[in-house]
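S.K.: Just the structure for this:
(chains A and B)
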Amino acid sequence: SQQGEEDPQALSIQEGENATMNCSYKTSINNLQWYRQNSGRGLVHLILIRSNEREKHSGRLRVTLDTSKKSSSLLITASRAADTASYFCATVSSSGTYKYIFGTGTRLKVLA
Amino acid sequence: DTAVSQTPKYLVTQMGNDKSIKCEQNLGHDTMYWYKQDSKKFLKIMFSYNNKELIINETVPNRFSPKSPDKAHLNLHINSLELGDSAVYFCASSPPPAAGANVLTFGAGSRLTVL
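M.R.: Reported below is the predicted structural model:
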């Protein structure tokens, strides 16, 4: 299967703590993206990191990319109850295709 | 003003029936997709169209037939529904890869339940 793997599958933390989730993938990529899915809703794009970048920040989000290990991590700092959602990584192949391959997702629960 | 809209949001039907899900985007994107999300939340690409041309067909049974009448619309027709077709189907759109850092914009999903 081409599907990426994410870990942990589920994560439960207290409000104010940091949440880290990891993504591993299998192919050479052009970029890697993170999406959030609230329960019963569609996915929403959060952040994109290109293959020649190692780290990127957006507000409380920090993404790292290690292409030698084919892995990425998403850090959410100072988490809030509203961050409760599933988080997915998606890779875009370097072959220029239109295929976005999604990871298995991490279910994050932030307790107030 | 919804960017990617899907109808219906919920669909409950009997095995063997035929059903359609419609999708429309007002973002001016050239590329549209259908994804299937199963009960374990795995999200898998089914089809993609670029400017009305089929460019991705991911080993989906031929009971599934996408149709793109124009680049703003991508519909999904499913014949002879089976229990295993129960899932949430997401439509998405994006600019083409040549546009650079393209991201997907998703619809809210259509939950199909086959009894």
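S.K.: Can you report how many residues neighbour the residue of chain A found nearest chain B?
M.R.: Of all residues in chain A, residue A:42 sits closest to chain B, with a separation of 3.6 Å (CB to the nearest CB). Where you see a C-beta, it was placed from the backbone N, CA and C, and this is true even at glycine. Burial of residue A:42 is recorded as 21 neighbouring residues (other CB atoms under 10 Å in any protein chain shown).
S.K.: so what's it up against?
M.R.: Contacts for residue A:42 (CB atoms under 8 Å, 6 or more residues apart in numbering or on different chains) come out as B:4, B:90, B:92, B:106-109.
S.K.: Equivalent analysis for residue B:35, please.
M.R.: Per CB under 8 Å, 6+ apart, neighbours of residue B:35: A:102, B:43-46, B:89-92, B:106.
S.K.: As JSON lines, those with distance to residue A:55 and pLDDT would be great.
M.R.: What follows is those, written out as JSON lines (distance: CB to CB, whole Å; pLDDT from 0 to 100):
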{"residue": "A:102", "distance to residue A:55": "22", "pLDDT": "92"}
{"residue": "B:43", "distance to residue A:55": "26", "pLDDT": "93"}
{"residue": "B:44", "distance to residue A:55": "29", "pLDDT": "92"}
{"residue": "B:45", "distance to residue A:55": "28", "pLDDT": "92"}
{"residue": "B:46", "distance to residue A:55": "33", "pLDDT": "93"}
{"residue": "B:89", "distance to residue A:55": "35", "pLDDT": "97"}
{"residue": "B:90", "distance to residue A:55": "29", "pLDDT": "97"}
{"residue": "B:91", "distance to residue A:55": "32", "pLDDT": "97"}
{"residue": "B:92", "distance to residue A:55": "27", "pLDDT": "96"}
{"residue": "B:106", "distance to residue A:55": "26", "pLDDT": "97"}
